[in-house]
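J.: this one's structure only:
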């Protein structure tokens, strides 16, 4: 079928991002908005908007019934959930099927398979992927026994978790009971599910992920990304391809991701996330995100594809219009997430009026944002204001371009993280590449004078700097001209 009218069940920059592709493909857009977003930039740009509830997320963007009712009233063909909110919610996908509306995402069964982290671990093991030592726990005593068997430090993780919620690091048995209680309470509050599981904590780890695309019969990958610069397990900077991997290791990670998605007969866009243990020189499966990622622009930049167009093409029932051999990864791309947070004061949220918002423009620079001068940043939602993405012919060129783009971008009126990203872009360890997930804590200590709670991380240069194998340029594209870069948000 051909999709002609889509409801975007999201807000902010991802809503605008989906709109750009829909506009290019001649698809009419209906934006679902909360009362707080009635006059947002996205609402003004959409062909139509419909209010689905009050400002709090649970009353609007997380309300499955309200979203489906809005879609039915608007007589749309499909719902695009973006990322976050209901994007991986099997209940929404199921409700769409019952209402005769296309859900732009994977099947209900696939959402269920990977949405529960323990289910995902079992499926990954069945597909032959290596797992971080750990597992489910049914009682406090069983958890203590497993923690002893794994060895400290360990991570306690929420079964239904994401975005670092419910995650606790435990360094010794003395702290175990209080940490598991905190984790369970946070998981219950965030997801309505208090179940947790344990994994060995990998101190010198890198967060490597692989973008996959499937049509239900065939799966291809679109290369790797490195998302190791994180604050409280939430990503701040992403780049593609992941630097400082040997060709052998890169191929093994990509092949494992494709094997897992193939095992699931995956349909749509997804990301298989891996943890690279730099001390042991091996990798483990972490989870799969069954949606478009915040960091998808870096993959678009190196592959020359419009990933939202790819999602729409698959949702229309089209087979993949490209083979693995036709995918060519060209150059290097880096993305910085600019948040309304005071990074010098423990990333304190900073909602309010944006007095001035100006972003760099130029060759190899893309800005995805829903922020302009005079808009308000509401206190109800994620603090992401903009993503600054740069592309260069190699990583050093991309780092230089990133530094320039950040220096030529300004946000005033609310505290924001532009200054933090400028400092990181000019940092020597970041310039080398391959930093692990502890990098930011040590870096912040040098910027603020605070003592880090764990050993600061430096660049990891033990892995080979050999470049990834070159792949050929795609010759077949999904609906529309998918080679067109989505470009900057006006």
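T.: Nice, thanks for sending it over. Small disclaimer: the values here were computed from a predicted structure and weren't measured.

J.: ok, the residue nearest to the spatial centre of the chain to residue 238 distance?
T.: Nearest to the mean C-alpha position of the chain, by CA atoms, centre = their mean, lies residue 293 at 3.5 Å. For residue 293, the distance to residue 238 equals 8 Å [CB to CB, to the nearest Å]. Glycine gets a C-beta too; all of them are placed from N, C-alpha and C.

J.: Ok, residue 21 next?
T.: Residue 21 is 20 Å from residue 238, by CB to CB.

J.: who has more neighbours, the two?
T.: Taking neighbours as other CB atoms under 10 Å, residue 21 and residue 238 compare with residue 238 leading, 28 against 24.

J.: Tell me how far the more buried one lies from residue 89.
T.: 24 Å.

J.: all helices of the stretch 351-490 of the chain, in order?
T.: Assigned by DSSP state H, counting those that start in this stretch, the stretch 351-490 of the chain shows helices spanning 395-407, 418-425, 428-432, 439-448.

J.: Might you list the low-confidence residue ranges for this structure?
T.: Applying pLDDT under 70 to the chain picks out residues 163, 450-490.

J.: before we move on, back to that, let me know whether the residue nearest to the centre of the chain touches residue 83 as I believe.
T.: Yes: contact criterion CB atoms under 8 Å: residue 293 and residue 83 qualify, at 6.3 Å.

J.: chain center to stretch 224-236: distance?
T.: 9 Å (CA atoms, centre = their mean, to the nearest Å).

J.: other SSEs contacting the helix or strand harbouring residue 17?
T.: Using DSSP states H and E, residue 17 maps to helix 12-25. Packing partners of helix 12-25 (3 or more CB pairs under 8 Å, 6 or more residues apart in numbering; DSSP states H and E): strand 5-8, strand 28-34, helix 41-45, helix 307-315, strand 365-369, strand 384-392.

J.: by contact count, what packs against the second one?
T.: The one in question is strand 28-34. strand 5-8, helix 12-25, helix 41-45, strand 48-53, helix 64-74.

J.: try the first one
T.: For strand 5-8, the elements it packs on are helix 12-25, strand 28-34, helix 64-74, strand 78-80, judged by 3+ CB pairs under 8 Å, 6+ apart.

J.: Comparing these, which comes out most buried?
T.: strand 78-80 (a mean of 28; mean count of other CB atoms under 10 Å).

J.: from the middle of its chain, how far away would the strand ranked longest in the chain be?
T.: The longest strand of the chain (DSSP state E) is strand 219-231. Here the centre of strand 219-231 is set off from its chain's centre by 9 Å, with CA atoms, centre = their mean.

J.: now that strand and helix 307-315, what's the angle there?
T.: Going by axes from the mean of the first three to the mean of the last three CA atoms, to 10 degrees, strand 219-231 is angled at 140 degrees with respect to helix 307-315.

J.: what packs against strand 219-231?
T.: Counting contacts by 3+ CB pairs under 8 Å, 6+ apart, strand 219-231 is packed against strand 205-215, strand 234-240, helix 247-263, helix 296-303, helix 439-448.

J.: Distance of residue 50 relative to residue 93?
T.: With CB to CB as the criterion, residue 50 and residue 93 are 20 Å apart.

J.: Between those two, point out the one with more neighbours.
T.: Counting neighbours by other CB under 10 Å for residue 50 and for residue 93 shows that residue 93 has the greater number, 28 against 19.

J.: Please work out which residues outside the strand or helix carrying that one touch it.
T.: Per DSSP H and E: residue 93 is located in helix 90-99. Helix 90-99 is contacted from outside by 9, 64-65, 67-68, 71-72, 79, 81, 86, 102-103, 105-108, 111-112, 115, using CB atoms under 8 Å, 6 or more residues apart in numbering.

J.: Pull the distance from that helix to the chain's centre.
T.: For helix 90-99 - counting by CA atoms, centre = their mean - the centre lies 23 Å from the chain centre.

J.: what residues are up against the closest residue to residue 182 other than its chain neighbours?
T.: Nearest residue to residue 182, sequence neighbours excluded (CB to CB, 6 or more residues apart in numbering): residue 168, at 5.8 Å. Residue 168 makes contacts with 155, 156, 179, 180, 182, 183, as judged by CB under 8 Å, 6+ apart.

J.: Beta-bridge partners for residue 168, please?
T.: Residue 168 has these beta-bridge partners by DSSP bridges: residue 156.

J.: let's number from 4 now, not from 1
T.: Let's use 4 as the start, then, which means that last one is residue 171.

J.: how close does it sit to residue 103?
T.: Per CB to CB, residue 171 is found 43 Å from residue 103.

J.: who does the longest strand of the chain pair up with?
T.: The strands beside strand 222-234 in its sheet (DSSP bridges) come out as strand 208-218 (antiparallel), strand 237-243 (antiparallel).
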